[in-house]
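1. Predicted model follows, preceded by the sequence.
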Amino acid sequence: TVGVPTVLRLAADGPAATAPDPAPALRIIRNNRTERAMLELDGWLDHAAVPELRTEALRASNGGAHPLTIDLEAVTGLASAGVQLLFEPAG
């Protein structure tokens, strides 16, 4: 499950809103401890991370010739570009 509690506060005379911190980069860890190719992701899967993840997924699966598991347990944010990548057919 991916989720972060969201708090929305509306105040007429509250302090000015500040820009949110930039999203942390995505870490891609290749797990070689299993028979099946596996990538573990940690951080934000957004449009900036898609090219690197696509490259790593193709490398780990030998161009889509072998099954690949992508572990999203440590993903803290999933943008639409990341979702689209996860649903792209291999090859």
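-> Structure's in. What do you need? Residues are numbered from 1 along each chain as shown.
2. which element is Leu85 on?
-> helix 80-86 (DSSP states H and E).
3. helices or strands up against that helix?
-> Judged by 3 or more CB pairs under 8 Å, 6 or more residues apart in numbering; DSSP states H and E, helix 80-86 is in contact with helix 50-60. C-beta: built from backbone N, CA, C; applies to glycine.
4. Need the contact partners of the helix it packs on.
-> Helix 50-60 is contacted by residues 26, 28, 30, 37-39, 41, 45, 64, 68, 70, 81-82, 84-85, 88, 90 when judged by CB atoms under 8 Å, 6 or more residues apart in numbering.
5. coming back round to it: please identify the buried residues of the helix holding Leu85?
-> Across helix 80-86, burial judged by 16 or more other CB atoms under 10 Å covers 81-82, 85.
6. Mind giving me the packing neighbours of the lengthiest strand in the chain?
-> In terms of residue count, the longest strand belonging to the chain (DSSP state E) is strand 68-78. In terms of contacts (3+ CB pairs under 8 Å, 6+ apart), strand 68-78 is packed against strand 37-45, helix 50-60.
7. which of these is buried the deepest?
-> Counting by mean count of other CB atoms under 10 Å, strand 37-45 has the highest mean neighbour count of the helices and strands packed on strand 68-78, with a mean of 19.
8. who's in contact with the residue nearest to the spatial centre of the chain?
-> By CA atoms, centre = their mean, the chain has its centre lying nearest to Leu45, at 2.5 Å. Residues near Leu45 by CB under 8 Å, 6+ apart: 26, 53, 72, 75, 77-79, 82, 85.
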